[in-house]
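# got a predicted structure plus its sequence, pasted below:
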Amino acid sequence: GQQVMQIPQYQHVQEGEDFTTYCNSSTTLSNIQWYKQRPGGHPVFLIQLVKSGEVKKQKRLTFQFGEAKKNSSLHITATQTTDVGTYFCAGPGATNKLIFGTGTLLAVQP
Amino acid sequence: DAGVTQSPTHLIKTRGQQVTLRCSPKSGHDTVSWYQQALGQGPQFIFQYYEEEERQRGNFPDRFSGHQFPNYSSELNVNALLLGDSALYLCASSLNLGQGRKAFFGQGTRLTVV
């Protein structure tokens, strides 16, 4: 079945450093979504990318969808303690079923 | 994500018991999906309901069943609970307007089976 993997599994950075998480799907995706889950919280939608090679920015966050629509990345510039959490990518299966990636836990040391 | 409500927020059950979790979707949404999230893992799709029918199912045993009501709210039932069923159960609502619509998650129900 369809699988979505993310690396790294865990990243610890000093506040102000950059951070990148990579997402790879076993199948081509019609779109890719990114969610953030704070410790003890629930996943919160961040963004959706649809087009091949698409790049979107949200303040310090940059999201990219690969040309082959099988991979994606999230880059955070100058991390802050508020960025702490687990970042999940998710690709749609049939209908609105979402296949979540394995997640990357980001820890930011002040 | 505001607007999706789940109840209860926490629950402790004994092995072999049955549990019912509830979800009210975001206003205007007609599709409800349920996910199980074990500690340190990503959410795993259980099933999805639309028009009061189970539309798609993940790799979960028949002990997991659900229901959607005419007002689009939904229930997740788990029978014969196992210790391994301990997890955060997430409900996500969306609009049935095609593939890949973004999902709005509730705060989840933390189920502990002892």
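Thanks, I have it.
# list the contacts of the closest residue to A:Phe45 other than its chain neighbours.
Closest residue to A:Phe45 apart from its sequence neighbours, by C-beta to C-beta, 6 or more residues apart in numbering or on different chains: B:Lys102 at 4.9 Å. No exception for glycine: its C-beta is placed from N, CA and C like everyone else's. Listed by C-beta atoms under 8 Å, 6 or more residues apart in numbering or on different chains, the contact set of B:Lys102 reads A:33, A:45, A:48, B:94.
# would you mind pulling the contact partners of stretch B:4-11?
The contact list for stretch B:4-11 (C-beta under 8 Å, 6+ apart) reads B:19, B:21-26, B:89-93, B:104-112.
# what subset of these is buried?
With burial judged by 16 or more other C-beta atoms under 10 Å in any protein chain shown, the buried subset of these is B:19, B:21-26, B:89-93, B:104-111.
# stretch A:90-110: which residues count as buried?
For stretch A:90-110, the neighbour count (16+ other C-beta under 10 Å) marks A:90-93, A:95-106, A:108 as buried.
# what average pLDDT does it get?
The pLDDT scores in stretch A:90-110 average 86.
# extract the C-alpha set from that stretch and format it as CSV.
Only the C-alpha atoms of stretch A:90-110 are listed here, as CSV (Å, rounded to 0.1, in the frame of the first residue of the first chain):
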residue,chain,number,x,y,z
ALA,A,90,0.2,13.8,4.4
GLY,A,91,-0.9,12.7,1.0
PRO,A,92,-4.4,11.8,-0.1
GLY,A,93,-5.4,8.3,-0.9
ALA,A,94,-8.8,7.7,-2.5
THR,A,95,-11.5,10.2,-1.5
ASN,A,96,-10.4,12.3,1.4
LYS,A,97,-8.4,9.6,3.2
LEU,A,98,-5.1,11.0,4.3
ILE,A,99,-1.9,9.0,4.5
PHE,A,100,0.3,10.6,7.1
GLY,A,101,4.0,10.5,7.1
THR,A,102,6.0,9.2,10.0
GLY,A,103,6.6,12.8,11.3
THR,A,104,9.6,14.8,12.4
LEU,A,105,9.8,15.9,16.0
LEU,A,106,11.5,19.3,16.3
ALA,A,107,13.0,20.4,19.6
VAL,A,108,14.3,23.9,19.9
GLN,A,109,16.7,24.8,22.6
PRO,A,110,16.6,28.5,23.7
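# I am finished for the moment; much appreciated.
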